[in-house]
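Participant: Fold the following for me, if possible:
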Amino acid sequence: MKRALSWLLTKLAGTQIDAFTVFGRTVWLTPAHKIIERFDNAEDALRGLRQLTRHEAKHVEQQKREPILFYPKYLWQLIRHGYQNAPYEREATEAEGE
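Facilitator: Coordinates of the predicted model:
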């Protein structure tokens, strides 16, 4: 299930997904070393991991707000708006800087 969902979201987003939430409070992450190797130094990597954590925590919050509708709405938003402009993603991206 995890692999299939990862593949689907990657195809819909048009880019590699670093992390995604699955069912409630569980967050499945790409192995940390694959995320960290994208950064030039440890400080940037730590900042990136913190942003990713805040981003995914916002998705958990969104699921709590709309437990039944979150996944259908999220997929519809990806199809209709694309990954970068999907309302749930925009909200999560804004949370990265909090």
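
Participant: Low-confidence ranges, this structure, go.
Facilitator: Applying pLDDT under 70 to the chain flags the ranges 1-24, 30-33.

Participant: Helices of that one, residue ranges please.
Facilitator: 2-13, 32-36, 42-65, 70-81, 87-95 (DSSP state H).

Participant: How far away from the center of its chain is the fourth one?
Facilitator: The one in question is helix 70-81. 13 Å (Cα atoms, centre = their mean, to the nearest Å).

Participant: what angle do that helix and helix 87-95 make?
Facilitator: Interaxial angle of helix 70-81 relative to helix 87-95 (axes from the mean of the first three to the mean of the last three Cα atoms, to 10 degrees): 90 degrees.

Participant: sorry, back to before: any chance of the helices of the chain in a markdown table, plus distance to Thr26?
Facilitator: Bear in mind the C-beta positions are built from the backbone N, C-alpha and C, glycine included. Below are the helices of the chain laid out as a markdown table (distance: least, Cβ to Cβ, whole Å):
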| stretch | distance to Thr26 |
| --- | --- |
| helix 2-13 | 10 |
| helix 32-36 | 17 |
| helix 42-65 | 9 |
| helix 70-81 | 14 |
| helix 87-95 | 16 |
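
Participant: Can you add distance to Arg25 and mean neighbour count and give those helices back as JSON lines?
Facilitator: Listed next are these as JSON lines, based on distance: least, Cβ to Cβ, whole Å; neighbours: other Cβ atoms under 10 Å:
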{"stretch": "helix 2-13", "distance to Arg25": "15", "mean neighbour count": "13"}
{"stretch": "helix 32-36", "distance to Arg25": "19", "mean neighbour count": "12"}
{"stretch": "helix 42-65", "distance to Arg25": "6", "mean neighbour count": "15"}
{"stretch": "helix 70-81", "distance to Arg25": "13", "mean neighbour count": "15"}
{"stretch": "helix 87-95", "distance to Arg25": "15", "mean neighbour count": "16"}
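
Participant: Distance of the closest residue to Glu91 other than its chain neighbours relative to Gln77?
Facilitator: What sits nearest to Glu91 in space, not counting adjacent residues and going by Cβ to Cβ, 6 or more residues apart in numbering, is Lys58, at 6.1 Å. Lys58 sits 14 Å away from Gln77 when distances are taken as Cβ to Cβ, to the nearest Å.

Participant: Cheers, nothing more for now.
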